[in-house]
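# my questions concern the predicted model and sequence given below.
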Amino acid sequence: MNIIKSKKRGSLIVISGPTCAGKDSICRELAKINKNVWISVSCTSRPIRGNEVDGVDYFFVTKEEFERKIRNDEMLEYAQVHYNDYYGTPKEHIKEKLDAGYDVILVIDIQGALQIKEKIDEAIFIFVLAPTMEDIRKRLIKRGYENTEQMIERFKTAYKEINELTKYNYVVVNDVLEDAVNKVNSIITSEKCRVDRIEEVYLSNEEEIIHEFLVDKDLKNEEIDI
Ligand code: 5GP
């Protein structure tokens, strides 16, 4: 029998960070090395991009469909992020995955993260950063999804979001992808070792007898070398 029994329930991990910080790449790589993570697929009303797949990158819905989901209380959190497009986390599956012991990851913006903070005390908040603003600028241009006006808008939002960094528990700078992935994985592992995850401490009668025997008969007589 193990001495401690920790909560089986998984952790809810919120990852945010400015555009082009590499949040999605980190999560993709993380899922390869940690089979216990489950990455939530968000819903969005923004148009699908060339290489994206519905149900994999996002569930793409119309604005009306998204608003219907809000009215039906189907979203754990939601926000209008870029150009008034809706982005949100569907409630479906989150509780079931956490109860099954999976660590559930939400990659969401700061507005959504603050809503989760209000609702779920034990959630863990990780902020992912690109090393410099110049890196963000270069990555935005290289990615080439947006026109100049949209890129400037994303860059401005990135600048604002970085000011919210202190609302998070951890910060990971994504300089070398592999290092950033290992850091996020280590955060998840450390959180599992928290004392407040212990549900029960168990010592059987037999173990108490062994303890008494050792303490009373043997160890007491040993000299302690300090
Ligand atoms: P994208 O580049 O995919 O158009 O936009 C990504 C932005 O929307 C990122 O800031 C990302 O964190 C945010 N986002 C993606 N999914 C969600 C979500 O479910 N909820 C919220 N609040 N933000 C999301």
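Structure's in. What do you need?

# could you check the pLDDT of residue 224?
You'll see residue 224 listed with a pLDDT of 58.

# could you do residue 178 as well?
On pLDDT, residue 178 comes in at 97.

# just residue 221 next, same as before
On pLDDT, residue 221 comes in at 62.

# residue in this protein nearest to the ligand?
As assessed by CB to the nearest ligand atom, the ligand sits closest to residue 112 within the chain, at 2.5 Å. In this view, the C-beta of every residue, glycine as well, is placed from N, C-alpha and C.

# helix/strand/coil for that residue?
Three-state assignment for residue 112 (DSSP: H, G, I helix; E, B strand; the rest coil): helix.

# I'd say it and residue 78 touch.
Yes. With contact defined as CB atoms under 8 Å, residue 112 reaches residue 78; the gap is 6.8 Å.

# who touches both of the two?
87-89 (CB atoms under 8 Å, 6 or more residues apart in numbering).

# now rank the residues you listed by neighbours and give me the top one.
residue 88 (25 neighbours; other CB atoms under 10 Å).

# near the ligand, from the shared contacts of residue 112 and residue 78?
When contact is defined as CB under 6 Å from any ligand atom, the shared contacts of residue 112 and residue 78 meet the ligand at 87-89.

# so which of those residues are in strands?
87-89 (DSSP state E).

# rewinding a little: now render the shared contacts of residue 112 and residue 78 as a markdown table, adding pLDDT and distance to residue 199.
Putting the shared contacts of residue 112 and residue 78 into a markdown table (pLDDT from 0 to 100; distance: CB to CB, whole Å) gives the following:
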| residue | pLDDT | distance to residue 199 |
| --- | --- | --- |
| 87 | 97 | 35 |
| 88 | 97 | 32 |
| 89 | 98 | 27 |
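
# in JSON lines, list these along with distance to residue 108.
Below are these laid out as JSON lines (distance: CB to CB, whole Å):
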{"residue": "87", "distance to residue 108": "7"}
{"residue": "88", "distance to residue 108": "8"}
{"residue": "89", "distance to residue 108": "6"}
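
# closest to residue 140 among those residues?
The nearest member of the shared contacts of residue 112 and residue 78 to residue 140, counting by CB to CB, is residue 87 at 18.2 Å.

# touching, the closest one and residue 44? I think so.
Yes. With contact defined as CB under 8 Å, residue 87 counts as touching residue 44 (4.8 Å).

# is there proximity between stretch 151-161 and the ligand?
No. Stretch 151-161 stays clear of the ligand (CB under 6 Å from any ligand atom), getting no nearer than 7.7 Å.

# pull out the buried residues from that stretch.
Residues of stretch 151-161 classed as buried by neighbour count (16 or more other CB atoms under 10 Å): 151, 154-155, 157-158, 161.

# could you do stretch 158-173 as well?
Buried, per 16+ other CB under 10 Å, within stretch 158-173: 158, 161-162, 164, 168, 170, 172-173.

# next step: those restricted to helices.
Applying DSSP state H to the buried residues of stretch 158-173, the entries found in helices are 158, 161-162.

# can I get those residues in TSV including pLDDT?
Listed next are those as TSV, based on pLDDT from 0 to 100:
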residue	pLDDT
158	84
161	86
162	88
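
# run through who's touching stretch 95-103.
Contacts for stretch 95-103 (CB under 8 Å, 6+ apart): 8-13, 34, 36-38, 104, 188.

# one more: stretch 158-174?
16-22, 25-26, 109-110, 113-114, 117, 124-131, 133, 136, 180, 183-184, 187.

# chain center to that stretch, what's the gap?
13 Å (CA atoms, centre = their mean, to the nearest Å).
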